[in-house]
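1. predicted model, plus sequence, below.
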Amino acid sequence: MATSQSTMDFLLDVLSDSRQVSARRMFGEFCLYYAGRPIGLVCNEELFLKPTEAGRLLMSEPQWGAPFPGARPHLRISADSWDDRAWMNHLVRTTFENLPPPKPVAPKRKPKNA
């Protein structure tokens, strides 16, 4: 079951305190971004954040799940937890702050025949 636009709108409203959260539709689901960097996925009406130790410690009972078959385990935040605005914004910000820096993009190679 794909995530509905209304669910994503609600989640973005909850996370609006952060002001740097955005989402983009991907393969019928959504990728969640903080300051332009991916921090999680919204699949089947649930939020899956990239796992960080700091994020896990903010959860009283961390739940794990895969956003899609074959994916690495993520911290699963069910929609029941979304009502706590302050906690959700803190969790998303903490996740972003504790992710490793992005890998540098390799420069494009020039074709040999050029």
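-> Perfect, I can see it now.
2. where do the strands sit along the protein?
-> 21-26, 29-34, 37-43, 46-49, 64-65, 74-77 (DSSP state E).
3. among those, which is the most enclosed?
-> strand 46-49 (a mean of 24; mean count of other Cβ atoms under 10 Å). Every C-beta, even on glycine, is put in place using the N, C-alpha and C of the backbone.
4. which other residues reach that strand?
-> 11, 32, 39-42, 55, 65-67, 74-79, 82, 91-92, 95 (Cβ atoms under 8 Å, 6 or more residues apart in numbering).
5. cool, stretch 11-31 as well?
-> Outside stretch 11-31, the residues that touch it by Cβ under 8 Å, 6+ apart are 2-3, 8, 32-36, 38, 40-44, 47, 67-68, 82-83, 85-86, 88-89, 92-93.
6. the same query, at a cut-off of 6 Å, please.
-> Applying Cβ atoms under 6 Å, 6 or more residues apart in numbering, the external contacts of stretch 11-31 come out as 2-3, 8, 32-35, 38, 41-43, 82, 85, 88-89, 92-93.
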